[in-house]
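Peer 1: The following comprises the amino acid sequence and a computationally predicted model.
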Amino acid sequence: MEIKMEVRMISWAGLLCAVFLLVACGGQNASPQTPPTVLPTQLSVSQALFAEKALSANGQMACASCHTDDNAHADATGTLLPLGGQSMTVQGFRSSATLHYLESNKAFRFEADQPFGGFTWDGRASSRAEQAAGPLLDSGEMANADVAAVAAKVRQLPYFGDFASVFGLPAAPSDAQIFEHLQTALQTYQQKDPDYLLFNSKFDRYLDGSATLTVQEARGLAVFNDANKGNCASCHTSKTGRLGERPLFTNFSYAALGLPRNPQIQANDDPRFFDMGLCGPKRTDLSARSDLCGQFKVPTLRNIELTAPYFHNASVATLTDAVAFYATRDLEPERWYPTINGVVQRFNDLPAPLRNNVLMSRPFGRRQGDTPVLSATDVTDLVAFLKTLTDDRTAPPGTPLVKK
């Protein structure tokens, strides 16, 4: 009993001192403590796969190359449009949209003949898993020749065993099985990484009653919701759901905004080329629906501050200009479109016969000389409000439902 009491009275400092002296003197009985084993998880393995450049044909491109952590998993700061292919010189003609807040998105469909849902700008992928297959096999992106080429690269990964284990690959899997499980893994990463559904922006805290909008931010929210002003909420839903679901700031619909043609897109050097969204060229099943030409999916506005340049063709550089486009597209068309022989070429990123597809509801549809629907103050107020939608990656995630 006395010996046990003496042992209990030895201080931790004394123990550390004794260990230090023993090691310093070359004590034979001292050994470093073995760190605990960290077991692989679906999240850790799928995150590694998302950042894995070895999955591309040239070993220089990963999913994370175009969908970066610091930019809400959209294009990296300073990127105009992504470069890929075998030589890393093939320019895409669409920006990389954020991958955040897509958990409740569904496969492409028509509701009352209006398109909704789907993944990518034209909705051609029915799930995140299907979307992941596109870049892996696209000659202008990760540029693998086929499924077998991807599977061979996956087999060579040093953590292939972990991948096989946590995602349940069968023994001696086929190329198709490896590819399918890779798609599942890339989808799983987006479902399990909390960054994809943080719900902890200032606006979320405002909804919870733990933050207050500034006067300017509150004015911006009012303009955003006013159907006679910004009318933004008609596509970018801002109201709390019936059960308290936080707004996603998209209804996953489609719109033809009549954006200016971007001369920095290499494909646009050919005057016959047009990216028309739902009716092609990447999507082919709706090519006969000329009424859908020019329509692209409405993205979430959450984290919009981080995802410049804006719109599917990266034609607008700043958030202020993106909002100003809505305010002045029809009132000051010369600000956005080139003038040829004294004529402003409005909606010049669509063939002339299809330009009637362009959206004309508010705040659009004004004529030159009309009173603006959105003033310069409205624009700056809207920008201030939109910045309240930026998540804080240094803070804990919020909840999908409003707290109050």
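Peer 2: Received, thanks.

Peer 1: Endpoints of stretch 39-53, how far apart?
Peer 2: 23 Å (CA to CA, to the nearest Å).

Peer 1: how far is that stretch from where the chain is centred?
Peer 2: Distance of stretch 39-53 from the chain centroid (CA atoms, centre = their mean, to the nearest Å) equals 18 Å.

Peer 1: what comes up buried for that stretch?
Peer 2: With burial defined by 16 or more other CB atoms under 10 Å, the residues of stretch 39-53 counted as buried are Gln42, Leu43, Ser44, Val45, Ser46, Gln47, Ala48, Leu49, Phe50, Glu52. Where you see a C-beta, it was placed from the backbone N, CA and C, and this is true even at glycine.

Peer 1: do the same with stretch 310-321
Peer 2: Using 16+ other CB under 10 Å as the test for burial, stretch 310-321 gives Tyr310, Phe311, His312, Asn313, Ala314, Ser315, Val316, Leu319, Asp321.

Peer 1: So for that stretch, first residue to last residue, what's the gap.
Peer 2: 9 Å.

Peer 1: Out of the buried residues of stretch 39-53, which sit inside helices?
Peer 2: Gln42, Leu43, Ser44, Val45, Ser46, Gln47, Ala48, Leu49, Phe50 (DSSP state H).

Peer 1: can you pull out the helices in the chain?
Peer 2: Going by DSSP H, the chain shows helices at 2-9, 12-24, 42-50, 63-66, 128-137, 147-155, 160-166, 175-192, 202-208, 215-225, 319-328, 376-386.

Peer 1: Tell me which of those helices approaches Gly244 most closely.
Peer 2: helix 202-208 (9.2 Å; CB to CB).

Peer 1: quick one: that closest one to chain centroid distance?
Peer 2: Averaging C-alpha positions (CA atoms, centre = their mean) puts helix 202-208 21 Å from its chain's average.

Peer 1: average pLDDT for that helix?
Peer 2: On average, the pLDDT along helix 202-208 is 98.

Peer 1: ok, now stretch 161-177?
Peer 2: Mean per-residue pLDDT for stretch 161-177: 98.

Peer 1: now, which of the buried residues of stretch 310-321 sits nearest Ser210?
Peer 2: The shortest approach to Ser210 among the buried residues of stretch 310-321 belongs to Leu319, at 25.3 Å (CB to CB).

Peer 1: so who does the closest one touch?
Peer 2: If you count contacts by CB atoms under 8 Å, 6 or more residues apart in numbering, Leu319 has them with Ile304, Glu305, Ala308, Tyr310, Val383, Leu386, Lys387.

Peer 1: Make CSV out of the helices of the chain and add distance to Arg272.
Peer 2: Compiled in CSV, the helices of the chain are given as follows (distance: least, CB to CB, whole Å):
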stretch, distance to Arg272
helix 2-9, 86
helix 12-24, 75
helix 42-50, 36
helix 63-66, 27
helix 128-137, 24
helix 147-155, 32
helix 160-166, 44
helix 175-192, 34
helix 202-208, 44
helix 215-225, 39
helix 319-328, 26
helix 376-386, 35
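
Peer 1: Leaving out the residues flanking it, which one is nearest to Leu197?
Peer 2: Take Leu197 and drop its neighbours on the chain: the residue closest to it by CB to CB, 6 or more residues apart in numbering is Glu103, 5.9 Å away.

Peer 1: same check, this time on Met276
Peer 2: Of all residues not flanking Met276 in the chain, Cys293 sits nearest, at 4.2 Å (CB to CB, 6+ apart).

Peer 1: Can you give me the neighbour number for the one you found?
Peer 2: Neighbours of Cys293 under the rule other CB atoms under 10 Å: 21.

Peer 1: any idea how far it is from Asp391?
Peer 2: 34 Å (CB to CB, to the nearest Å).

Peer 1: What are the boundaries of the strands in this protein?
Peer 2: 83-84, 90-91, 109-111, 114-116, 254-255, 296-297, 339-340, 343-344 (DSSP state E).
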